[in-house]
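**Student:** sequence below, structure please.
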Amino acid sequence: MLSIVRTVGFRFLIVNRLPLAALDVALRLASAAVLSPSGRYRYLLAGIHPRILSATLRRIRRLHDWPRAWVRTAHQYLLAAHERAIAGEQRAAAELQRAAALCYHFGHVLVLDDVVRRRTLYAIAARLYRAAAPHLDPPIRPVEIPWRDSVLPGYLVTPGESRAPLVVFLNGASTTKEETVSWARPFLERGIGVLALDTPGSGELASRIPAAPGQEDIGWAIVEAAQHLPGVDGRHLALLGVSLRGAYAVQVAQTVPDFSAVVSVTSPFDPRLYVDALSDLVRYDVAFAVGTTPSELDRLAPALALTDVAPHLRTPLFVVGAGNDLVVPPQESVRLFRAAGGPKRLLFFHRANHVAFTHLEQWTSAVAAWLASLYTT
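**Tutor:** Next up, the predicted model:
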């Protein structure tokens, strides 16, 4: 018991030991409106209006209400989008449809007991976003990266007409390209393009190809495809992975030396030490990503460990850590930073939550500046 407390921290352990039934009771008593300001930040960053977010959370009185409440909010956005389209305001209509798509996305992530419904909600999110993407500001281009006998769907946004360096965003267990592409602005302002990519176990691939060990060759597929992407300088490529795929980004960068930088945001370093301490919600999320059941995660933890990978990494590494992370123990980012063998930097926000959503503007700006400095030296 003392060893696990030292590994994850007492607060992390207590919060993660709360059963889903306790969360359901809390929702019945007070609704999801009790969600803290830091917990709301992710949805606000996605462009959900604060009043609309508050109304959505108030409608959630149990876990089963979560997807229903978000779908209702999506319909409100779609009605508003339809009205703007009729008025000839195409860009405003696209922005409202983008918000509707993200509502479907947020709704699907807490469907824990119905895989078909979970996939259906996300499929609607993907369809709505794809239709809106070309009309957004800046315009977002759907692309496909050939890999093995399949393709990796993504969204590409570049800073201008000339060929620019590229950073490739890899999703966490519950984020998708539709959400992460909205983090692009600080990179565009630094002259860096962004490719938000679904990889096995995430987004549009979640229902077809689970994440699994041995998929590092995706890095070679990205390198090859980048030579032909419009507005992209294929000589300057970086990977940015969040949460589960922050570790994957390090594994890919260590395998494929063509990447000039890698960014790992609140990722696991050695989950073998604490996989049994993770909350039911986190275990469900990761299990969906890897195509297994929560009870089988223990056997997969060794494949996620970076203990043998990080010391051999020579690619410049930027690590983002969060002191209030209740999904991945905060010290994991520090352990990764200390173990990494090449040039490295650590940015640790003591008050940030998982993925540092509360400090997303700060860390994306810092990472963009760091990448720009690498490409101009």
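
**Student:** low-confidence stretches in the stretch 51-200 of the chain?
**Tutor:** Residues of the stretch 51-200 of the chain meeting the criterion pLDDT under 70: none.

**Student:** measure stretch 54-70 end to end?
**Tutor:** Terminal residues of stretch 54-70 lie 11 Å apart, using Cα to Cα, to the nearest Å.

**Student:** if you skip the residues just before and after it, what's nearest to residue 174?
**Tutor:** residue 109 (4.6 Å; Cβ to Cβ, 6 or more residues apart in numbering). C-betas here are computed from N, CA, C, even on glycine.

**Student:** that neighbour: neighbour count?
**Tutor:** Using other Cβ atoms under 10 Å, residue 109 has 22 neighbouring residues.

**Student:** repeat that for the one 5 residues further on.
**Tutor:** Here the count is done by other Cβ under 10 Å, and residue 114 has 12 residues near it.

**Student:** which residues touch it?
**Tutor:** By Cβ atoms under 8 Å, 6 or more residues apart in numbering, residue 114 lies in contact with nothing.

**Student:** distance of residue 203 relative to residue 288?
**Tutor:** 12 Å (Cβ to Cβ, to the nearest Å).

**Student:** okay, the residue nearest to residue 174 and residue 298: tell me how far apart.
**Tutor:** For residue 109 relative to residue 298 (Cβ to Cβ), the value is 23 Å.

**Student:** ok, now residue 112?
**Tutor:** 19 Å.

**Student:** how about the contacts made by residue 133?
**Tutor:** By Cβ under 8 Å, 6+ apart, the neighbours of residue 133 are 94, 98, 139-142, 155.

**Student:** switch the cut-off to 6 Å
**Tutor:** Shown in contact with residue 133 (Cβ atoms under 6 Å, 6 or more residues apart in numbering): residue 140.

**Student:** that one - that's part of a helix, no?
**Tutor:** Yes. Counting by DSSP: H, G, I helix; E, B strand; the rest coil, residue 133 is found in a helix.

**Student:** would you mind measuring from it to residue 56?
**Tutor:** For residue 133 relative to residue 56 (Cβ to Cβ), the value is 23 Å.

**Student:** what does residue 21 give?
**Tutor:** Counting by Cβ to Cβ - residue 21 and residue 56 are separated by 23 Å.

**Student:** neighbour count for those two, which is higher?
**Tutor:** More crowded of residue 21 and residue 56, by other Cβ under 10 Å: residue 56, with 24 against 10.

**Student:** what helix or strand does the more buried one sit in?
**Tutor:** helix 50-58 (DSSP states H and E).

**Student:** buried residues of that helix, list them for me.
**Tutor:** 53, 56-57 (16 or more other Cβ atoms under 10 Å).

**Student:** quick one: contacts of the biggest helix by length in the chain?
**Tutor:** Looking across the chain with DSSP state H, the single longest helix is helix 65-86. Outside helix 65-86, the residues within contact range by Cβ under 6 Å, 6+ apart are 56, 59-60, 92-93, 96-97, 99-100, 103-104, 106-107, 110-111.

**Student:** I'd like the next helix or strand past that helix.
**Tutor:** helix 90-108.

**Student:** show me where the stretch 201-350 of the chain has its helices.
**Tutor:** 218-226, 244-255, 280-290, 301-304, 331-339 (DSSP state H, counting those that start in this stretch).

**Student:** surely residue 318 meets residue 345?
**Tutor:** Yes. The pair residue 318 and residue 345 passes the contact test of Cβ atoms under 6 Å, sitting 5.0 Å apart.

**Student:** so those two - more neighbours on which side?
**Tutor:** Neighbours per residue, other Cβ under 10 Å: of residue 318 and residue 345, the larger number sits with residue 318, 23 against 15.

**Student:** re earlier: the more surrounded of residue 112 and residue 298?
**Tutor:** The residue with more neighbours, out of residue 112 and residue 298, is residue 112; 18 against 12, by other Cβ under 10 Å.

**Student:** got the phi/psi numbers for the more buried one?
**Tutor:** The phi and psi values for residue 112, taken as degrees, to the nearest 10, are phi -100, psi -20.

**Student:** tally of neighbours for the residue nearest to residue 336 when sequence neighbours are not counted?
**Tutor:** Counting by Cβ to Cβ, 6+ apart, the nearest residue to residue 336 once its immediate chain neighbours are dropped is residue 269, at 4.5 Å. By other Cβ under 10 Å, the residues close to residue 269 number 27.

**Student:** local confidence estimate at residue 269?
**Tutor:** What the model reports for residue 269 is a pLDDT of 97.

**Student:** touching stretch 336-354 from outside, list them.
**Tutor:** So stretch 336-354 is contacted by 38, 266, 269, 310-325, 327, 356, 358-359, 366 (Cβ under 6 Å, 6+ apart).

**Student:** sort out for me which of those residues are in strands.
**Tutor:** Taking DSSP state E, the ones among the contacts of stretch 336-354 that sit in strands are 317-322.

**Student:** from those residues, pick the one nearest residue 14.
**Tutor:** residue 322 (17.7 Å; Cβ to Cβ).

**Student:** so what's the closest one bridging to?
**Tutor:** Legend: beta-bridge partners of residue 322 under DSSP bridges are residue 349.

**Student:** roughly how far does it sit from residue 80?
**Tutor:** Residue 322 is 34 Å from residue 80, by Cβ to Cβ.
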